[in-house]
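S.K.: Model the following, please.
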Amino acid sequence: MDSPAAADTATTGLTFRDATEADVDALVALVESAYRGESSRMGWTTEADILEGRRTDPEGVLEVIKSPDSRLLTVERDGSIIACCQLEHRGDHAYFGMFAVSPTLQGGGLGKVVIAEAERTARETWGAKEMQMTVISVRDDLIAWYERRGYRRTGRMSPFPYGDERFGIPQRDDLQFELLVKPLV
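M.R.: Sure thing, here's the model as predicted:
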């Protein structure tokens, strides 16, 4: 559990804004550092033991930035991008994805601040009544973190895209995505 002092430090000097094309390389580097490779092991969100290869690429990030129904919420401190998340408008709900916090800043409350801002943004910008996301079902620690933020497991699974290296190179054969949901009203 984060101390109040850690939470205060996590929120000090933050700037939230929509990503621009100029941010693509920094955002790719952030997402990769949070989930893949040795650098991701400094944080707790690493997928390095279950997936190798890339988590995203410049084309995928640019597609989110340019999509009229998406926003790539970018979080800066002292001019450096330290966190991000994708929000996509899907009718009465929003989809939350591409969530990354710099591995060196994980565990200090920054993620809680980012997800709360994402929920507020989806509710106020689009009138979204629910936030949805998919999480790799074997990521028990990550799912538990989302449950503590009010998300619930639905048991609705979708297949992992085995063979499509844009999503990584699986190191096990039991990967699938579970839909998590949270009411925003």
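S.K.: Now do the helices in this structure.
M.R.: 4-11, 24-35, 58-66, 110-126, 140-148 (DSSP state H).
S.K.: outside of the second one, which residues touch it?
M.R.: In other words, helix 24-35. 19, 39-40, 43, 45-48, 51, 54-58, 61-62, 65, 72, 74, 81-84, 98, 100-103, 106 (Cβ atoms under 8 Å, 6 or more residues apart in numbering). (C-beta placed from N, C-alpha, C; glycine too.)
S.K.: Could I have the buried ones of these as ChimeraX selection syntax?
M.R.: The ChimeraX command for the buried members of the contacts of helix 24-35 (criterion: 16 or more other Cβ atoms under 10 Å) is given here:
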select :19,39,40,43,45,46,47,51,54,55,56,61,62,65,72,74,81,82,83,84,98,100,101,102,103,106
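S.K.: Now distance to residue 165 and mean pLDDT too, for the helices of the chain, in JSON lines please.
M.R.: Below are the helices of the chain laid out as JSON lines (distance: least, Cβ to Cβ, whole Å; pLDDT from 0 to 100):
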{"stretch": "helix 4-11", "distance to residue 165": "34", "mean pLDDT": "53"}
{"stretch": "helix 24-35", "distance to residue 165": "14", "mean pLDDT": "92"}
{"stretch": "helix 58-66", "distance to residue 165": "12", "mean pLDDT": "95"}
{"stretch": "helix 110-126", "distance to residue 165": "27", "mean pLDDT": "96"}
{"stretch": "helix 140-148", "distance to residue 165": "22", "mean pLDDT": "95"}
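S.K.: TSV for those, including distance to residue 169?
M.R.: Listed next are these as TSV, based on distance: least, Cβ to Cβ, whole Å:
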stretch	distance to residue 169
helix 4-11	33
helix 24-35	13
helix 58-66	16
helix 110-126	26
helix 140-148	20
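S.K.: Looking at those, spot the one closest to residue 90.
M.R.: Closest of these to residue 90 is helix 110-126, at 9.0 Å (criterion: Cβ to Cβ).
S.K.: Just checking: what are the partner strands of the longest strand that the chain contains?
M.R.: Longest strand of the chain, by residue count under DSSP state E: strand 80-90. Strand 80-90 pairs in its sheet with strand 70-77 (antiparallel), strand 93-101 (antiparallel), by DSSP bridges.
S.K.: Much appreciated, bye for now.
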